[in-house]
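Undergrad: no sequence for this one, just the structure:
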Ligand SMILES: Nc1ncnc2c1ncn2[C@@H]1O[C@H](COP(=O)(O)OP(=O)(O)OP(=O)(O)O)[C@@H](O)[C@H]1O
């Protein structure tokens, strides 16, 4: 529904103003494309469903024949004949129900899988800005519980809606044919049914959406506390977290109870109605039989047929509830599917030629680059900077001045708001994203590892890397410890790499960045978690890699500045000074102030000498 929501404020789950029900229905309708591959199966499903219903409806008509014919005329052979026909109809009904259920389950699960795959692929395509704003629990609940709701509706709710409505209309028409007055009495029951359904639909829609949103909030809370478990325990905040969770579950409980009560109230009304009309029909039917306006066989057939209306009417509340949940779930899913990725290939974007073995880094240039996050003030207000091929440029600046942001623009995790960044003279937006990201190796301060093997983590961006390249990358990052893990590089590391130390994670992330010698390296304080000794070893090894690579390096510690050929000072969204470390140390007091705030005087002196 919302086409692109980049302008929305950052915050908890993006919540939508309540859209009109017709608008919501459209989102459910749009999912019909997922039904297309199952057209054949669905055709069989409908034929089987209608056939089974037809066989069921025919049984009371056979009963009428039995009562008014062979039984009235004491003809045992006729009873046997019609009895066998009723049995046959019963068998046909059972067989068709089996076919329906079989077609139903395989097509519904298939559709759910396809939508889930599409949703996940779309989430991967979406820009970082989208993920900044959306709680992961809200995404998780969409990919899991919302899709299950839709599957339930497509496999049961929708089918029963069609079959039960058809059954209802067919039976009512048959009842009117059998006896107009009694038939119209039954048909009149549709009016209160319609009014109650309308009221229920409106209220249930709101409750269903609220429950789904709250489930998403709770999933976020679980995910956050699982990830931050160490912090929570270390600060002794367990009771608070348990309290927060209890508040969330209480809220969810109240909404679910309210929703359940709404359904129970309406179901009771729907249960009452067919029984009231049945009572009225029995009394009026007996009178009609007494006056000879109806045969006993017709009354038996009438009542048996009327009994067939009980399930369609009683199940109506459940079907409406299921449909409302599916409508809101489809709406929530389209909130994601309708968000267009903003960082995409431009129409004429080109792939860069494959780098040769003797290639060195390319020229990286920032040209009047400005950037602000959608909801914040300008972070970068006009950056002009050139990093020559093979040069290493360190970015130094006070905390929060925009160093990480500046680095994120190179592999296009975000796009510049104004100005441009070029690689060998070509705007990075004119380079195909996959090609650009192959050329640019990245390691951020927060080393993100996935719950897969060490090797898979290392070769994430370069699955084709061979054993020697992996070994070389691990050597640069001083991460040979990976070979000593229980299963070597095949060792599966826990979620977020939590089974490793911070320094080990950081070294693996650095190895991943340098794997395959990318032309441009973007490193955000890549050595911050290392001890002084390991840092020195990594620096020595990294120094060799950096000679052939254009590198942009965020540096907090003076010791890491040693890796850089030149340093740029970032302040107030601009580059206020560029030079060698010793030049800036001698001539720019702001530079010295920033570095002395992060490193000790000895370190400063060490680098100066
Ligand atoms: N995803 C985001 N959405 C909105 N604002 C953000 C986002 N990420 C960072 N910011 C803001 O942008 C500014 C620059 O952040 P950035 O992380 O680039 O600074 P930094 O210089 O790398 O900080 P540090 O040295 O502490 O790592 C900060 O004011 C921060 O609050």
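TA: On my side now, so go ahead. A quick note: this is a predicted structure, and the numbers were derived from the prediction, not measured. Numbering: from 1, shown residues only.

Undergrad: give me the number of residues near the residue of the stretch 1-150 of the chain found nearest the ligand?
TA: Closest residue of the stretch 1-150 of the chain to the ligand, Cβ to the nearest ligand atom: residue 132 (4.1 Å). Where you see a C-beta, it was placed from the backbone N, CA and C, and this is true even at glycine. Number of residues near residue 132 (other Cβ atoms under 10 Å) recorded here: 12.

Undergrad: Ok, residue 198 next?
TA: Neighbourhood size, residue 198 [other Cβ under 10 Å]: 10.

Undergrad: I'd like to know which elements the helix or strand hosting it is packed against.
TA: Element membership for residue 198, per DSSP states H and E: helix 190-227. Packed against helix 190-227 by the contact rule (3 or more Cβ pairs under 8 Å, 6 or more residues apart in numbering; DSSP states H and E) you find helix 21-29, helix 136-141, helix 238-290, helix 310-337.

Undergrad: what comes up buried for stretch 283-295?
TA: 285, 288, 294-295 (16 or more other Cβ atoms under 10 Å).

Undergrad: next one: stretch 442-453
TA: Those would be 442-445, 447, 449, 453, for stretch 442-453 by 16+ other Cβ under 10 Å.

Undergrad: what's the answer for stretch 60-80, then?
TA: Across stretch 60-80, burial judged by 16+ other Cβ under 10 Å covers 60, 62-68, 70-71, 79.

Undergrad: One more: stretch 47-64?
TA: Applying 16+ other Cβ under 10 Å to stretch 47-64 flags 48-60, 62-64 as buried.

Undergrad: Pick out the most distant pair among those.
TA: 48 and 64 (25.8 Å; Cβ to Cβ).

Undergrad: Quick one: name the residues of the stretch 451-600 of the chain near the ligand.
TA: Applying Cβ under 6 Å from any ligand atom, we find that the stretch 451-600 of the chain lies next to the ligand at no residue.

Undergrad: so where's this protein uncertain?
TA: 1-24, 355-361, 494-498, 529, 597-609 (pLDDT under 70).

Undergrad: Please report the distance of the closest residue to residue 482 other than its chain neighbours from residue 107.
TA: Distances taken as Cβ to Cβ, 6 or more residues apart in numbering place residue 454 nearest to residue 482, at 5.0 Å, with adjacent residues excluded. Counting by Cβ to Cβ, to the nearest Å, the separation of residue 454 from residue 107 is 41 Å.

Undergrad: higher neighbour count, those two?
TA: residue 454 (27 against 23).

Undergrad: tell me the phi and psi of that one?
TA: Note on residue 454: backbone dihedrals following degrees, to the nearest 10 are phi -60, psi -40.

Undergrad: my guess is it meets residue 484, correct?
TA: No. Using Cβ atoms under 8 Å as the test, residue 454 is too far from residue 484 to be in contact (11.0 Å).

Undergrad: ok and the helix holding residue 198 relative to helix 238-290, angle-wise?
TA: 160 degrees (axes from the mean of the first three to the mean of the last three Cα atoms, to 10 degrees).

Undergrad: So which bits of helix 190-227 are buried?
TA: Buried residues in helix 190-227 (16+ other Cβ under 10 Å): 193, 196-197, 200-201, 204-205, 207-221, 224-225.

Undergrad: Got the domain ranges for this structure?
TA: 25-337, 364-608 (automatic domain parsing).

Undergrad: With respect to burial, which of these scores highest?
TA: By mean neighbour count, with neighbours taken as mean count of other Cβ atoms under 10 Å, domain 364-608 ranks first of the domains of the chain at a mean of 18.

Undergrad: Show me what stretch 44-51 is in contact with.
TA: With contact meaning Cβ atoms under 8 Å, 6 or more residues apart in numbering, stretch 44-51 is reached by 92, 96-97, 99-100, 103-104, 107, 159, 162-163, 166.

Undergrad: Just those residues: which are in helices?
TA: 92, 96-97, 99-100, 103-104, 107, 159, 162-163, 166 (DSSP state H).

Undergrad: Spell out which parts of the stretch 301-450 of the chain neighbour the ligand.
TA: 373, 376, 379, 397, 399-405.

Undergrad: mind listing the strands in this protein by residue range?
TA: Ranges of strands in the chain, per DSSP state E, are 364-372, 378-387, 392-397, 418-423, 426-427, 440-443, 520-524, 550-554, 566-571, 574-579.

Undergrad: What pairs with the fifth one, parallel or antiparallel?
TA: Okay, so that is strand 426-427. strand 418-423 (antiparallel) (DSSP bridges).

Undergrad: chain center to the partner strand, what's the gap?
TA: 32 Å (Cα atoms, centre = their mean, to the nearest Å).

Undergrad: I'd like to check the angle between it and strand 364-372, please.
TA: 150 degrees.

Undergrad: So what touches strand 418-423?
TA: So strand 418-423 is in contact with 352, 362-370, 382-383, 409-410, 427-429, 431, 436, 439, 519-520, going by Cβ under 8 Å, 6+ apart.
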